[in-house]
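Chemist: show me the folded form of this:
(2 chains, ligands or ions: 2)
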There are 2 protein chains.
Amino acid sequence: MRLSGGVESALHCCVVLTASAAPVPAARLAELHGVSATYLAKQLQALSRAGLMQSVQGKSGGYVLTRSATEITVLDVVEAIEGTRSTFICTEIRQRGPLARPQEACAAPCPIARTMYAADRAWRAALREVTIADLSGAVGEYDGGVLSRIGAWLLSPQP
Amino acid sequence: MRLSGGVESALHCCVVLTASAAPVPAARLAELHGVSATYLAKQLQALSRAGLMQSVQGKSGGYVLTRSATEITVLDVVEAIEGTRSTFICTEIRQRGPLARPQEACAAPCPIARTMYAADRAWRAALREVTIADLSGAVGEYDGGVLSRIGAWLLSPQP
Ligand code: FES
Ligand code: FES
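Modeler: Ligands and ions are numbered 1, 2, ... in the order given. Here you go, the predicted structure:
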């Protein structure tokens, strides 16, 4: 089970936007991260659909976060890219075969499914504990100047 | 991100084996669960490779758990099917683009990767808390007789 690569770039884009004083064009975000513009466009659109970013139109348009980075959790971003459905899908295998459990006795999930769902919730809970603001802070801690260098580069005249 | 369907049948097979007094042929396990024998063979082989089950040869041969169900965690089974690698893969996106962070400054994972790895660990920890014996007990709780019915069926003469 692997998360899509889009999660890494989506999270990096969110952190980077906290460093910019103005909207950032998608092409700049792609260039900064050394990824293709079409690839990144997909992630930015998913983030927009989830209401985390919006695209501001116009000459100095581009992407901005729609709310404070303290109010965007890592889970919000992961779910924007990966969806909110559980990582475990129960196909009700207990209702198959010669000893199939009757459907009316299957209102509650089986203990196996319950365990898998609980682990999925533990994963999401861990992702919900960290905000984009926390990540920006932590990036600043390992390299004090990096976010301001990125912020300046993002708004520097484009080639 | 989705777990493969193999996880559901692998866990159900492990629980079911706790109900059998003798080795169970793969074909019987497939029939019980209403899944194809080739599909299930793949999961049983993965469980064997991981050392959780073994195939006993001979006339009344079949699969058995290699150790007590109290010593097999749900995580053991999930990792047998899905592998042990983290669900998050960091491609070191911070080392790309015009402001690339130099490789020598990237010994430690970036805060984004750290958060994703921590959530992966939380997921695995939740799966590690529950054993196959716990699941068998919980199945017995919602239907006292089901495992003994299954155990009897597994060892009944085959058609
Ligand atoms: S029936 Fe789906 S996990 Fe048990
Ligand atoms: S460089 Fe991979 S998650 Fe930050």
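
Chemist: rest of the way, CA atoms for contacts and neighbours
Modeler: Fine.

Chemist: pLDDT of the helix or strand in which residue A:55 is found, averaged?
Modeler: Residue A:55 is located in strand A:53-56, with elements delineated by DSSP states H and E. Averaged across strand A:53-56, the pLDDT comes to 96.

Chemist: same for it, what does it pack against?
Modeler: Taking 3 or more Cα pairs under 8 Å, 6 or more residues apart in numbering or on different chains; DSSP states H and E as contact, the helices and strands that strand A:53-56 lies on are helix A:37-49, strand A:62-65.

Chemist: in TSV, list these along with mean pLDDT.
Modeler: Listed next are these as TSV, based on pLDDT from 0 to 100:
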stretch	mean pLDDT
helix A:37-49	97
strand A:62-65	96
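
Chemist: deepest of the ones you listed, which one?
Modeler: When the helices and strands packed on strand A:53-56 are scored by mean count of other Cα atoms under 10 Å in any protein chain shown, the highest mean neighbour count falls to strand A:62-65 (a mean of 20).

Chemist: sorry, back to before: quick one: contacts of the strand holding residue A:55?
Modeler: With Cα atoms under 8 Å, 6 or more residues apart in numbering or on different chains as the contact definition, strand A:53-56 has outside contacts at A:23, A:44, A:47, A:48, A:61, A:62, A:63, A:64, A:65, A:66.

Chemist: buried sites along stretch A:79-94?
Modeler: Using 16 or more other Cα atoms under 10 Å in any protein chain shown as the burial criterion, the residues of stretch A:79-94 that qualify are A:79, A:80, A:81, A:82, A:86, A:87, A:88, A:89, A:90, A:92, A:93, A:94.

Chemist: what's the end-to-end length of that stretch?
Modeler: Across its full length, stretch A:79-94 reaches 29 Å end to end, with Cα to Cα, to the nearest Å as the criterion.

Chemist: quick one: mean pLDDT for it?
Modeler: Stretch A:79-94 shows a mean pLDDT of 95.

Chemist: ok, stretch A:122-135 near ligand 2 or not?
Modeler: No. Using Cα under 6 Å from any ligand atom, stretch A:122-135 stays clear of ligand 2, coming no nearer than 10.0 Å.

Chemist: CA atoms of that stretch as PDB?
Modeler: Once side chains and other backbone atoms are set aside, the C-alpha atoms of stretch A:122-135 remain, and they are given as PDB (Å, rounded to 0.1, in the frame of the first residue of the first chain):
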ATOM      1  CA  ALA A 122      -5.200   6.000  14.000                       C
ATOM      2  CA  TRP A 123      -3.300   6.900  10.900                       C
ATOM      3  CA  ARG A 124      -5.700   9.800  10.100                       C
ATOM      4  CA  ALA A 125      -5.600  11.000  13.700                       C
ATOM      5  CA  ALA A 126      -1.800  11.200  13.500                       C
ATOM      6  CA  LEU A 127      -2.100  13.300  10.300                       C
ATOM      7  CA  ARG A 128      -4.700  15.500  11.900                       C
ATOM      8  CA  GLU A 129      -2.400  16.400  14.700                       C
ATOM      9  CA  VAL A 130       0.000  18.300  12.500                       C
ATOM     10  CA  THR A 131      -0.900  21.600  10.600                       C
ATOM     11  CA  ILE A 132       0.800  23.200   7.700                       C
ATOM     12  CA  ALA A 133       1.800  25.900  10.100                       C
ATOM     13  CA  ASP A 134       3.600  23.300  12.200                       C
ATOM     14  CA  LEU A 135       5.400  22.100   9.100                       C
END
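
Chemist: residues of that stretch that come out buried?
Modeler: Residues of stretch A:122-135 classed as buried under the neighbour-count rule (16+ other Cα under 10 Å) are A:122, A:123, A:124, A:126, A:127, A:128, A:130, A:131, A:132, A:133, A:134, A:135.

Chemist: where does the first one fall, phi/psi-wise?
Modeler: For residue A:122, the backbone dihedrals (degrees, to the nearest 10) come out as phi -60, psi -40.

Chemist: so where is chain A shaky, pLDDT-wise?
Modeler: Within chain A, the stretches falling below the threshold (pLDDT under 70) are A:159.
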